[in-house]
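S.K.: Here is the input, now give the coordinates:
(chains A and B)
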Amino acid sequence: MAQRDARFNQHVLVDTTPMPDHIPKVEEIGTSSAPLLSASYFIGARCKAFNDDFMQCKQEANGRGEIDCLKEGRKVTRCASSVIKDINTHCLAQFKAHWECLENNNHNLFECRSPEFSLNKCVFQNLGLQKTIPGAPEDQVPVHLRPRQKYSVNAWNQFDLEQRKEAREAGASLFKQQEQK
Amino acid sequence: MPQDMPPTGGYAQVQYKRNLPARGFRPWVYAVGLHAIMAYGFYTHWVGVREQRELTREKMWSRLYLLPLLQAEEDRDQVRRHFAENARQKELLGAEEKVYNSDRFIRPTVVYTPSEVTPEAKKSWF
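M.R.: You can find the predicted model right below:
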């Protein structure tokens, strides 16, 4: 967008004027909804500080956040882009499998547990980012580790046997950690 | 004429007693069964509600993690248009016109378009 000339005339009514030069450029994330949903927990895991900073800036700017918080906004976008870039370099196959599954299943996370499990595993091994759902009850296995997804079309065939075993172990180790606390 | 008398040995007994054998189980068995089925149904519903709640929580947090990113992109776009509009005003009017008595950022509600517009451009309106 930024490379195109400014046009606002009888032919095109979309304002394509680029950002003024005194504001640093940043490349937009350019990712569609399904990959963003797929990567959201990893973005949250790595960029939480930037995200919170941006939202706090917006809240404290008293209605001028759009202009005053551009710097924080750029940081948020750069951080999210770095996550997407890292996932693409290390776990492209799993990532693609997961977001294509989401795309085919109405963006329902509970329909795509098997590709999600592979993706989470790969991302944790390569990037060290882990999916955790804040506020989830501690005495239950987190939804994304349950072998049976009650609301899925194929409720019993979500995980293959190996994944089922690993998920059980992951759940068991979570309980063990909580008992030690 | 001899009077009409009962037959010797008396009349046969009149059949007035009902003979309706009670079918099925005792009533309390039905009551217990009914409640057992209902309890199972409510339990399944309860488990489903808990699962649904966790799924909702997952969906909400995934959105919450993306929200600053999407908001930052949208803000940048609005600021870009805002600066472009100001520059245009300066070029046409010689000065930036201040519409509101406030320094808050306000998204424009009115957009001026050229008086003559080609049909192709009309398609891309807003």
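
S.K.: going forward, measure contacts and count neighbours with C-alpha atoms only.
M.R.: OK.

S.K.: May I have stretch B:14-34 exported as PDB, CA atoms only?
M.R.: Extracted C-alpha coordinates of stretch B:14-34, given in PDB (Å, rounded to 0.1, in the frame of the first residue of the first chain):
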ATOM      1  CA  VAL B  14     -73.200 -64.200  40.600                       C
ATOM      2  CA  GLN B  15     -69.900 -63.200  39.100                       C
ATOM      3  CA  TYR B  16     -69.300 -59.700  40.200                       C
ATOM      4  CA  LYS B  17     -65.600 -59.700  41.300                       C
ATOM      5  CA  ARG B  18     -63.200 -58.100  38.900                       C
ATOM      6  CA  ASN B  19     -60.100 -60.100  37.800                       C
ATOM      7  CA  LEU B  20     -57.600 -57.500  36.600                       C
ATOM      8  CA  PRO B  21     -54.000 -58.700  37.200                       C
ATOM      9  CA  ALA B  22     -51.600 -55.700  37.900                       C
ATOM     10  CA  ARG B  23     -49.100 -55.600  34.900                       C
ATOM     11  CA  GLY B  24     -45.500 -54.300  35.000                       C
ATOM     12  CA  PHE B  25     -43.400 -53.300  37.900                       C
ATOM     13  CA  ARG B  26     -44.400 -51.600  41.200                       C
ATOM     14  CA  PRO B  27     -45.000 -47.900  41.000                       C
ATOM     15  CA  TRP B  28     -41.900 -46.900  42.900                       C
ATOM     16  CA  VAL B  29     -39.800 -48.700  40.400                       C
ATOM     17  CA  TYR B  30     -41.100 -46.400  37.700                       C
ATOM     18  CA  ALA B  31     -40.500 -43.400  39.900                       C
ATOM     19  CA  VAL B  32     -36.900 -44.400  40.500                       C
ATOM     20  CA  GLY B  33     -36.300 -45.200  36.900                       C
ATOM     21  CA  LEU B  34     -37.700 -41.900  35.800                       C
END
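
S.K.: Tell me how far it lies from the chain's centre.
M.R.: Using CA atoms, centre = their mean, to the nearest Å, the mean C-alpha position of stretch B:14-34 is found 46 Å from that of the whole chain.

S.K.: Flag every buried residue along it.
M.R.: Residues of stretch B:14-34 classed as buried: none (neighbour count, 16 or more other CA atoms under 10 Å in any protein chain shown).

S.K.: Likewise for stretch A:108-126?
M.R.: Neighbour-count burial for stretch A:108-126, counted by 16+ other CA under 10 Å, picks out A:108-123.

S.K.: Within reach of chain B, which of these are there?
M.R.: A:L109, A:F110 (CA under 8 Å from any CA of the partner chain).

S.K.: Next step: the buried residues of stretch A:108-126 restricted to helices.
M.R.: A:R113, A:S114, A:P115, A:E116, A:F117, A:S118, A:L119, A:N120, A:K121, A:C122, A:V123 (DSSP state H).

S.K.: Out of the residues you listed, which comes closest to B:K98?
M.R.: A:V123 (50.3 Å; CA to CA).

S.K.: which residues does that closest one contact?
M.R.: A:I87, A:H90, A:C91, A:L129, A:Q130 (CA atoms under 8 Å, 6 or more residues apart in numbering or on different chains).

S.K.: ok, now B:P108?
M.R.: Applying CA under 8 Å, 6+ apart, we find B:P108 in contact with no residue.

S.K.: now it: how far from A:L37?
M.R.: 31 Å (CA to CA, to the nearest Å).

S.K.: residue boundaries of the helices in the chain?
M.R.: Reading this off chain A. A:33-60, A:65-68, A:70-90, A:92-104, A:113-126, A:161-180.

S.K.: nope, chain B please
M.R.: Counting by DSSP H, the helices of chain B are B:27-93, B:119-123.

S.K.: deepest of the ones you listed, which one?
M.R.: helix B:27-93 (a mean of 15; mean count of other CA atoms under 10 Å in any protein chain shown).

S.K.: Give me the helices and strands touching that helix, please.
M.R.: Applying 3 or more CA pairs under 8 Å, 6 or more residues apart in numbering or on different chains; DSSP states H and E, one finds that helix B:27-93 contacts helix A:33-60, helix A:65-68, helix A:70-90.

S.K.: mean pLDDT lowest for which of the ones you listed?
M.R.: Of all the helices and strands packed on helix B:27-93, helix A:65-68 carries the lowest average pLDDT, namely a mean of 92.

S.K.: Thank you, goodbye.
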